[in-house]
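Novice: my questions are about this predicted structure, shown below with the sequence.
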Amino acid sequence: MQYDGILLCEKPYGATSHKVIHEMRQITGQKKIGHTGTLDPRATGLLVLCLGRATKISQFLGDLDKTYDAVVRLGQSSSTYDSEGVDMNAKPQPVPELTEKDILGLLGQFKGRIMQTVPPYSAVKVDGRRLYNLARKGKEFELPEKEVEIKEIRLTKLELPDLHLTIECSKGTYIRTLANDIGNKIGCGAYLASLVRTRVGQYRLQDATTLAQARHYRDAGVLAKYVKPIESVLAFPWLRVCKEFSPFILTGQVPRMKDISEVGGAFEVDELISLKDHNDKIVAVGRSDVRSSLLKKGTDNNFFRYVRVLN
């Protein structure tokens, strides 16, 4: 059976995101499976997997905000900013007697748009080489910075030396770096002791299936019920074409107004919009060249540019 859509999967501790995709390929029996953002092996939580034709829409889902539950452990630094790089022979630093008010004041300094240093052990490239490869070889290099947005950072439990945090943030935010920066601010060092991704955009961990559950659902013949169709995922305004034009979408032919049977939603110039066939199936995504309010029957002006055909 061919699966086309989004499957929410719970990544276990220790597994790479690519290992999860490999397992899911075996479960579904299909090779076309991608993701909208990886998790480190020591992190757990939600992976949004794109199956079949939905691999073509992953680029439109990568900008979704994320929510994490994190435990930041004070008193010791890490070369990797997480538990993997902790020197077990190093003596922990004394942790100040911090009150909840102290911590809340500190966390407030990280809220909003901030500049983050990329962790030294990461897949980011510098001069064409992965940082983790340079770090493992002991090479000296300057860590790049990037702007991210911490939309919310809440203290859920104060249990020194551990801070239990819930963080809502933009894509590309390194929670490991945030933990390291918190330790530097306090002056005693810190690292990310555990991390769970609980939300990606509108999708939540409690709705995800484990690999074992996915295997069971496949054997029971009900896995398709857990795969969200592309039409329920892409919330763009849309244009539906008539039956005669539907076959031409896959060839990239640009529709004219005479080919459009219905317009769904309002859009502005250069906004992403979906193109549906006569069966109401999204077959392409493009950008608008005119505002929806200016679309008129009979015009031959260009109003749609293809970005991706979902064949």
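Specialist: The structure has been received and is ready for your questions.

Novice: and for Gln2, the neighbour number?
Specialist: 11 (other CB atoms under 10 Å). For glycine as for every other residue, the C-beta is placed from the backbone atoms N, C-alpha and C.

Novice: pull the contacting residues for it.
Specialist: Neighbouring residues of Gln2 by CB atoms under 8 Å, 6 or more residues apart in numbering: 30, 52.

Novice: shift numbering so it begins at 297
Specialist: That works, and once the first residue is 297, the last one we named lands at Gln298.

Novice: list phi and psi for Ala504.
Specialist: Taking degrees, to the nearest 10, you get phi -90, psi 160 for the backbone angles of Ala504.

Novice: how near is the residue nearest to Gly301 when sequence neighbours are not counted to Arg338?
Specialist: In space, and not counting its chain neighbours, Gly301 is closest to Val523: 4.1 Å by CB to CB, 6 or more residues apart in numbering. Distance from Val523 to Arg338, counting by CB to CB, to the nearest Å: 28 Å.

Novice: any idea what Val581 is bridged to?
Specialist: On the basis of DSSP bridges, Val581 is bridged to Ser570, Arg604.

Novice: now it: how far from Leu568?
Specialist: Separation of Val581 from Leu568 (CB to CB): 6 Å.

Novice: how about Thr494?
Specialist: 27 Å.

Novice: over to Glu393?
Specialist: For Glu393, the distance to Leu568 equals 52 Å [CB to CB].

Novice: and those two? Which one has more around it.
Specialist: It is Leu568, of Glu393 and Leu568, that has more neighbours when counted by other CB under 10 Å, with 16 against 7.

Novice: pLDDT score for the closest residue to that one other than its chain neighbours?
Specialist: Of all residues not flanking Leu568 in the chain, Phe532 sits nearest, at 5.0 Å (CB to CB, 6+ apart). On the pLDDT scale, Phe532 is placed at 93.

Novice: hang on, the earlier thing: between Val523 and Arg338, which one's more packed in?
Specialist: The neighbour count for Val523 versus Arg338, taken as other CB under 10 Å, is higher for Val523 (20 against 17).

Novice: ok, that one touching Tyr299?
Specialist: Yes - using CB atoms under 8 Å, Val523 is in contact with Tyr299, at 5.1 Å.

Novice: between these two, what contacts are shared?
Specialist: Contact with both Val523 and Tyr299 is made by residues Leu347, according to CB under 8 Å, 6+ apart.

Novice: so what's the closest residue in space to Tyr309 that isn't next to it in sequence up against?
Specialist: Leaving aside its sequence neighbours, Tyr309 sits nearest to Thr340 (CB to CB, 6+ apart; 5.1 Å). The contact partners of Thr340, by CB under 8 Å, 6+ apart, come to 306-309, 491-493.

Novice: using ChimeraX, define a selection of the buried residues within the residues you listed.
Specialist: The following ChimeraX line selects those of the contacts of Thr340 that are buried, judged by 16 or more other CB atoms under 10 Å:
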select :306,307,491,492,493
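
Novice: any low-confidence regions in the stretch 347-496 of the chain?
Specialist: Applying pLDDT under 70 to the stretch 347-496 of the chain flags the ranges 416-440.

Novice: now Arg338, nearest residue through space, not along the chain?
Specialist: Once flanking residues are discounted, Arg338 sits nearest to Asp378: 5.9 Å by CB to CB, 6+ apart.
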